[in-house]
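# Give me the fold of what follows.
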Amino acid sequence: METLPKRSLNFDDTEIAFRNKSDTELNAAYWLFKIISSNFLTKVGPPITNFFLNIGLPIKGIIKATLFKHFCGGETIAECEHTIQQLASGKVGTILDYSVEGEEEEIVFDFTCEEIIRTIERATGDKRIPITVFKVTGIGRFGLLEKLDAKKELNAAEQTEFEKLKQRCEKICRRAFDKNVPVMIDAEETWIQDTIDELAFDMMRLFNQKNCIVYNTYQLYRHDKLADLKSDHLIAREQGFVLGVKMVRGAYMEKERKRAEELGFPSPIQVDKAACDRDYDASLHYCMEHINDIAFVCGTHNENSCRVLAQFLDEYKIAHNHPHVYFAQLLGMSDNLSFNLSDAGYNVAKYVPYGPIKAVMPYLFRRAQENTSIAGATSRELGLIIKEKQRRRLK
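Below you'll find the model as predicted:
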């Protein structure tokens, strides 16, 4: 494994961050984040857009040229090629993410399963696509998972339905194993997560015997997930397989807190951001201490956590490009982290969502709302874009 020359990280280096963006693309990003910064537009935009789409108004072209173009790779795998190459030119990998969600029909689940397998086939032998990903709710019904988590007895039809879900999950992971393409299983809401965790663990037992093919996701905004990570590692070590860990802060905080309040039970979410940050960085430390039998993806837009992991690698004298360590961010966000990390020799990949525009809209709305709900996220993106525009003008 090559030991790359080290340089100090500078996440304010906009020349590196936006090197792969033309002036036109940079201007488009500027105006998009200006629009997103309006809380009013972010709140009223989703219902208005859905209404226009449902009544057939021709607004898909506008969406595709703006929000969709910034946060998604395309409507098909083939359409993602430009984004794959653009990221690769900055030494950043692509994680193809078929982002269709909220479906209920078996025929759709079968199609989604095959589409996820197509992402694995596309990644095979292409170093630009180092990891793939899927959601269990993309290949199985949410209500079924909810019933399983609640330990309710399934009827015969539901038993059959669950067997099909497990078969799809194994089919995806087996293809990943056969093609030697790692695949991550995304985390979801707490009230379906136990079943997802069990499925992921079963897949790791099957396919992570020699190296890491399957990763499970740990949402560290939950107060119980650091303990779960440590417990899972002990089990994996006892049973002789590599634990695959993707760590994120989390994506369902407001929904989780609201549900806990409505049902009258303690919130699964950390008491405050400081507690979440503490557990997140502690999980990085734990994985570093056990890097031989844990492979992990640090999924974060938090600059401090990126610095913490970079420092850990140096403290433990581990190569920046060690195969068990990846940084990951979402397409269209935090380019200052992704490209400066990759320029310093770290393994970095971006989630590149794709799918039919109407089906991907829930994902796009979450990204826009996420940028307004995270303190300083939009202003930070805007500030960096403005800085780069000024730098280019002064060249």
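
# which element follows the lowest-mean-pLDDT helix or strand in the chain toward the C-terminus?
Least confident element among the helices and strands of the chain, by mean pLDDT, DSSP states H and E: helix 39-54 (a mean of 55). Using DSSP states H and E, the helix or strand that follows helix 39-54 in sequence is helix 60-65.

# chain center to that following helix: distance?
24 Å (Cα atoms, centre = their mean, to the nearest Å).

# which parts of that helix are buried?
residue 63 (16 or more other Cβ atoms under 10 Å). Every residue, glycine included, has its C-beta placed from N, CA and C.

# pLDDT (mean, whole number) over that helix?
For helix 60-65, the mean pLDDT works out to 77.

# who's in contact with the longest helix along the chain?
Longest helix in the chain, counting residues (DSSP state H): helix 156-179. Helix 156-179 has contacts (Cβ atoms under 8 Å, 6 or more residues apart in numbering) with 106, 109-110, 113, 116-117, 120-121, 123-124, 132, 134, 136, 139-141, 144, 147-148, 154, 182-183, 199, 203, 206-207, 213-214.

# List only those of the residues you listed flagged as buried.
Using 16+ other Cβ under 10 Å, the buried ones in these are 106, 109, 113, 116-117, 120, 123, 132, 134, 136, 139-141, 144, 147-148, 182-183, 199, 203, 207, 213-214.

# Run through this protein and note the low-pLDDT ranges.
Along the chain, segments meeting pLDDT under 70 span 1-7, 38-59, 365-376.

# can you rerun that using 90?
The chain contains residues with pLDDT under 90 at 1-9, 28-71, 99-104, 250-255, 357-383, 394-395.

# so what's the backbone phi/psi at the residue nearest the centre of it?
Nearest residue to the geometric centre of the chain (Cα atoms, centre = their mean): residue 351, 5.7 Å. Per-residue torsions, residue 351: phi -70, psi 130 (degrees, to the nearest 10).

# Check the gap between it and residue 225 for me.
20 Å (Cβ to Cβ, to the nearest Å).

# and the next element down the chain from the longest helix of the chain?
Downstream of helix 156-179 (by DSSP H and E), the next one is strand 183-185.

# could I have the very next helix or strand once past that next one exported to PDB, CA atoms only?
Sequence-wise, the next helix or strand downstream of strand 183-185 (DSSP H and E) is helix 190-207. These are the backbone C-alpha positions of helix 190-207, laid out as PDB (Å, rounded to 0.1, in the frame of the first residue of the first chain):
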ATOM      1  CA  THR A 190     -35.500   3.500  15.000                       C
ATOM      2  CA  TRP A 191     -38.800   1.600  14.800                       C
ATOM      3  CA  ILE A 192     -37.600  -0.500  11.900                       C
ATOM      4  CA  GLN A 193     -33.800  -0.400  12.600                       C
ATOM      5  CA  ASP A 194     -33.600  -3.500  14.700                       C
ATOM      6  CA  THR A 195     -34.700  -5.700  11.800                       C
ATOM      7  CA  ILE A 196     -32.400  -3.900   9.400                       C
ATOM      8  CA  ASP A 197     -29.500  -4.400  11.900                       C
ATOM      9  CA  GLU A 198     -30.300  -8.200  12.000                       C
ATOM     10  CA  LEU A 199     -30.300  -8.400   8.200                       C
ATOM     11  CA  ALA A 200     -27.000  -6.600   7.900                       C
ATOM     12  CA  PHE A 201     -25.400  -8.700  10.600                       C
ATOM     13  CA  ASP A 202     -26.600 -11.900   8.800                       C
ATOM     14  CA  MET A 203     -25.000 -10.500   5.500                       C
ATOM     15  CA  MET A 204     -21.700  -9.700   7.300                       C
ATOM     16  CA  ARG A 205     -21.500 -13.200   8.700                       C
ATOM     17  CA  LEU A 206     -21.900 -14.600   5.200                       C
ATOM     18  CA  PHE A 207     -19.800 -12.300   3.200                       C
END
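
# just checking, what packs against helix 190-207?
Helices and strands touching helix 190-207, as assessed by 3 or more Cβ pairs under 8 Å, 6 or more residues apart in numbering; DSSP states H and E, comprise helix 142-149, helix 156-179, strand 183-185, strand 214-219, helix 225-239.
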